[in-house]
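In: the amino acid sequence is not available; the structure is as follows:
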């Protein structure tokens, strides 16, 4: 008589399968992006205009400062007494502003 294999009634062992870290990252990113409140078209347009305006204003301001420093530096190097006076006045103003800005109230 042949031996019969008896099957056990217990379920097969369960294995915990970890998800791939890359897949997990993309799934979590997708879930977070669904929570985002995106701006409307008008909000995006208005904020873009503000950013461009501030960028242009800062470029003009920094360009003007650069030009003034260039003129003053050229005058100091050439020995022009008026530009040397302007440089001294600008230096005094900057030193005073730095001093008063660092004072504790």
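Out: Thanks, I have the structure now. Keep in mind that what you see is a predicted model, and the values were worked out from it rather than measured. Numbers count the residues shown, from 1 in each chain.
In: the strand or helix carrying residue 61: which residues count as buried?
Out: Per DSSP states H and E, residue 61 falls inside helix 41-78. Using 16 or more other C-beta atoms under 10 Å as the test for burial, helix 41-78 gives 72, 75. The way it works is simple: take the backbone N, C-alpha and C, and place the C-beta from them, glycine included.
In: check which element follows that helix along the chain.
Out: Immediately after helix 41-78, counting by DSSP H and E, sits helix 81-101.
In: what helices and strands are in contact with the helix holding residue 61?
Out: helix 81-101 (3 or more C-beta pairs under 8 Å, 6 or more residues apart in numbering; DSSP states H and E).
In: and the contacts of the helix it packs on?
Out: 68, 71, 72, 73, 74, 75, 76 (C-beta atoms under 8 Å, 6 or more residues apart in numbering).
In: so how far is residue 83 from the fifth one?
Out: Taking C-beta to C-beta, to the nearest Å as the measure, residue 74 and residue 83 are separated by 7 Å.
In: next, give phi and psi for residue 79.
Out: phi 90, psi 20 (degrees, to the nearest 10).
In: what's the neighbour count on it?
Out: Number of residues near residue 79 (other C-beta atoms under 10 Å) recorded here: 8.
In: what's the pLDDT at it?
Out: We note a pLDDT of 86 for residue 79 in this prediction.
In: do residue 83 as well
Out: Taking residue 83 on its own, its pLDDT is 83.
In: do the same with residue 11
Out: Per the predicted model, pLDDT is 64 at residue 11.
In: in this structure, where is pLDDT below threshold?
Out: Applying pLDDT under 70 to the chain flags residues 1-16, 105.
In: make it 90
Out: For the chain, applying pLDDT under 90 flags the ranges 1-21, 38, 65, 68-69, 71-91, 94, 100-105.
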